[in-house]
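In: Got a sequence here, can you model it:
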Amino acid sequence: MAGVEKEKDRARQATTGTGARYVLATSLAAIVVLFAVVYLLFFGFPGGGGMDRPADPDSVPPIELNRETPDWRDPAPVQPLPQTPQDPAP
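Out: So this is what the prediction gives:
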């Protein structure tokens, strides 16, 4: 066998036993739980319940439309191009 032989720990050039895989697994599980809680807060439980129930129609004031807002189907106003004097042909 050619080359320099080293011990396993020196050849690896890293420390072992730091528990990095446990930190990774724990943080991944915590993120999954956090996303589930955020989902339930925003959208409620699947199949009903939560904050997505319709409100009582008598308690919601009607929406008043602004009369100055044009309808989205109306064409945009077209501005005429400024007229520039034409040079006479020589």
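In: what's the span of stretch 8-27, first residue to last?
Out: Stretch 8-27 stretches 30 Å from its first residue to its last (Cα to Cα, to the nearest Å).
In: contact partners of the helix or strand of the chain with the lowest mean pLDDT?
Out: Each helix and strand of the chain was given a mean pLDDT (mean pLDDT, DSSP states H and E); the minimum falls on helix 8-12 at a mean of 75. Residues from elsewhere that reach helix 8-12 (Cβ atoms under 8 Å, 6 or more residues apart in numbering): Thr16. For every residue, glycine as well, the C-beta is placed using N, CA and C.
In: Quick check: buried residues in that helix?
Out: By neighbour count on 16 or more other Cβ atoms under 10 Å, the buried set for helix 8-12 is empty.
In: same check, this time on stretch 25-41
Out: Of the residues in stretch 25-41, none is buried (16+ other Cβ under 10 Å).
In: what mean pLDDT would you report for it?
Out: Throughout stretch 25-41, pLDDT has a mean value of 95.
In: Okay, and Ala29 sits in which element?
Out: Using DSSP states H and E, Ala29 sits within helix 20-43.
In: Now do that helix: which elements does it pack against?
Out: The helices and strands touching helix 20-43, judged by 3 or more Cβ pairs under 8 Å, 6 or more residues apart in numbering; DSSP states H and E, number zero.
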